[in-house]
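Student: Turn this into a model:
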Amino acid sequence: MAVAVRGMRADLNRFRHAILSIPGIRPDDDALLVERSGRLSCHYAPFEHINVAAKVVVAGITPGAQQGRNALAALHVALASGHADADALAIAKRTASFSGPIRNNLVALLDRVGLHHVLALEACATLFTEHSDLVHFTSVLRNPVFANGKDYSGSPPILANPMLRRMCEHWLGAEIDALGAAIWVPVGKEPTAVLQHFVAIGRLSAAQVLDGLPHPSGANAERIAYFLGTKSRDTLSTKTNPDVLDARLHELRQRISALSVLNRPSVRG
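Tutor: Reported below is the predicted structural model:
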């Protein structure tokens with residue numbers, strides 16, 4: 001089962017004409033502007049779809065320009081082909097999910113801590129294929145946010161900025177309510193801080209937030225390699241602290257082994 005967060009029809013209807021009438025519309029086009037505050041701007045892209053049956057949620061910071069462009073293009077085609085709004089939004093969201101090297105790294109990291117065992121899967125790679133019903137991909141800032149025209153990357157911090165904080169509490173809060181007891185995997189410092197905020201205010205339990213994984217970006221290659229066991233301690237640069245990574249791996253494996261909320265009645269293969 002899939003749904004879209006509250007306000008879906010209002011958001012889509014507000015920007016439907018622009019999406020259908022402006023060829024190759026860019027995600028930072030003023031025709032898609034949701035709100036602007038100083039050097040920050042938020043623009044609509046079709047990321048409302050929620051897989052409410054998901055047992056695990058992977059949360060990034062915000063859709064980037066390329067991700068937004070892919071989702072908008074897919075939505076344009078789906079709507080122009082006569083798909084109902086809900087189906088078109090699902091297609092757009094699926095098209096723009098994590099892809100490329102970051103997906104491969106994320107899968108390897110999740111397998112390393114044992115999430116596939118909790119889900120009764122052979123490997124977490126199947127979350128992108130035959131077992132996509134078990135995962136929901138999202139961003140703590142649902143719509144693309146830009147800082148001085150560039151992809152927002154965490155400055156200023158989300159919780160310290162009134163516009164960004166309000167957007168998180170509105171959009172992400174609705175997703176948290178819809179997804180119930182799912183386990184949340186934050187990707188990066190800002191998503192972790194936001195999810196911990198929801199823990200602090202009682203909207204999530206601490207056990208639901210599986211934080212501490214290295215960021216799966218290719219720029220983090222050395223830390224990822226050590227965490228995965230493919231690079232030895234004695235070959236690390238001074239930029240990587242192996243003790244911290246060892247402690248995180250140990251803690252995450254302990255937390256994974258304690259999880260029971262994801263138990264499923266049938267074994268996946």
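Student: Could I get the full set of strands for the stretch 151-269 of the chain?
Tutor: Assignment of strands within the stretch 151-269 of the chain using DSSP state E, counting those that start in this stretch yields the ranges 183-186.
Student: which residues of the protein score low on pLDDT?
Tutor: Along the chain, the model assigns pLDDT under 70 to residues 1-9, 99-100, 260-269.
Student: which residue lies farthest from the center of it?
Tutor: Summary for the chain: using C-alpha atoms, centre = their mean, the residue whose C-alpha lies farthest from the chain's mean C-alpha position is residue 234, with a distance of 33.6 Å.
Student: Give me the distance between stretch 122-130 and the centre of its chain.
Tutor: Averaging C-alpha positions (C-alpha atoms, centre = their mean, to the nearest Å) puts stretch 122-130 16 Å from its chain's average.
Student: which of the residues in that stretch are buried?
Tutor: Of the residues in stretch 122-130, those buried by neighbour count under the rule 16 or more other C-beta atoms under 10 Å are 124-128. Glycine gets a C-beta too; all of them are placed from N, C-alpha and C.
Student: And the contacts of that stretch?
Tutor: Applying C-beta atoms under 8 Å, 6 or more residues apart in numbering, the contact partners of stretch 122-130 are 56, 97-98, 103, 106-107, 110-111, 115-116, 119, 121, 134-135, 268-269.
Student: if we can go back for a sec, from the buried residues of stretch 122-130, which is closest to residue 255?
Tutor: Taking C-beta to C-beta as the measure, residue 255 sits nearest to residue 124 out of the buried residues of stretch 122-130, at 16.0 Å.
Student: What's the separation between residue 156 and residue 254?
Tutor: When C-beta to C-beta, to the nearest Å is applied, the distance between residue 156 and residue 254 equals 34 Å.
Student: now do residue 217
Tutor: Between residue 217 and residue 254 the computed distance is 26 Å (C-beta to C-beta).
Student: who has more neighbours, these two?
Tutor: When neighbours are counted by other C-beta atoms under 10 Å, residue 217 and residue 254 differ, and residue 217 comes out ahead with 15 against 11.
Student: Would you check that the more buried one makes contact with residue 104?
Tutor: No - contact between residue 217 and residue 104 fails when scored by C-beta atoms under 8 Å: they sit 11.6 Å apart.
Student: related to what we said a few turns ago, now the two most distant members of the buried residues of stretch 122-130.
Tutor: Farthest pair in the buried residues of stretch 122-130 (C-beta to C-beta) is 124 and 128. Separation: 8.5 Å.
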